[in-house]
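Colleague: Sequence first, then the predicted structure, then my questions.
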Amino acid sequence: MARGQLDLDSSAGESVSDELADAFAGLGLQFEPDLTVDQDEFWLWPENEEVFWLWAGLQTQWVVGMAGATGMSYPSVESDMRMLGIPNKKRRDYYLLIKNMEQAALEEWASKR
């Protein structure tokens, strides 16, 4: 769920609505039972759009070894921010957000091995 994914398993004895209600409650939200979930759709808050597009543009900048990706090329992150004209005031915050996304991606890939 922290990675933006929620796997629903109705065979576990708990209804899908109950699972969703629990997941929403964990985020401090209230679940509405008539909500429909489209697995291919996600929403992005406007304040995250710029860093999301930076992240998407960096997907060719992974450092890869024999065991797969080991991290991002940090000079490429800095270069992309300069080339995109991201103001200096935002660069440190964006760098930290990119590192968080990098760590989540690496953990997810490791869990799939």
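Modeller: Cool, the structure landed.
Colleague: Quick check: which ranges of the chain have low pLDDT?
Modeller: Regions of the chain meeting the criterion pLDDT under 70 cover residues 1-14, 16, 35-41.
Colleague: can you list the domains in it?
Modeller: With domains defined by automatic domain parsing, the chain comprises 1-41, 46-112.
Colleague: Comparing those domains, which comes out most buried?
Modeller: Comparing the domains of the chain by mean neighbour count (mean count of other CB atoms under 10 Å), domain 46-112 ranks first with a mean of 13. All C-beta atoms are positioned from the backbone trio N, CA, C, and that covers glycine.
Colleague: what's the offset of that domain from the middle of its chain?
Modeller: 11 Å (CA atoms, centre = their mean, to the nearest Å).
Colleague: Tell me where the longest helix sits in this protein.
Modeller: helix 88-112 (DSSP state H).
Colleague: Please report phi then psi for residue 87.
Modeller: Torsion angles at residue 87 (phi, psi; degrees, to the nearest 10) stand at phi -60, psi 150.
Colleague: how close does it sit to residue 20?
Modeller: 39 Å (CB to CB, to the nearest Å).
Colleague: Likewise for residue 76?
Modeller: Residue 76 is 38 Å from residue 20, where distance means CB to CB.
Colleague: ranges for the helices of this structure?
Modeller: 16-26, 49-57, 74-83, 88-112.
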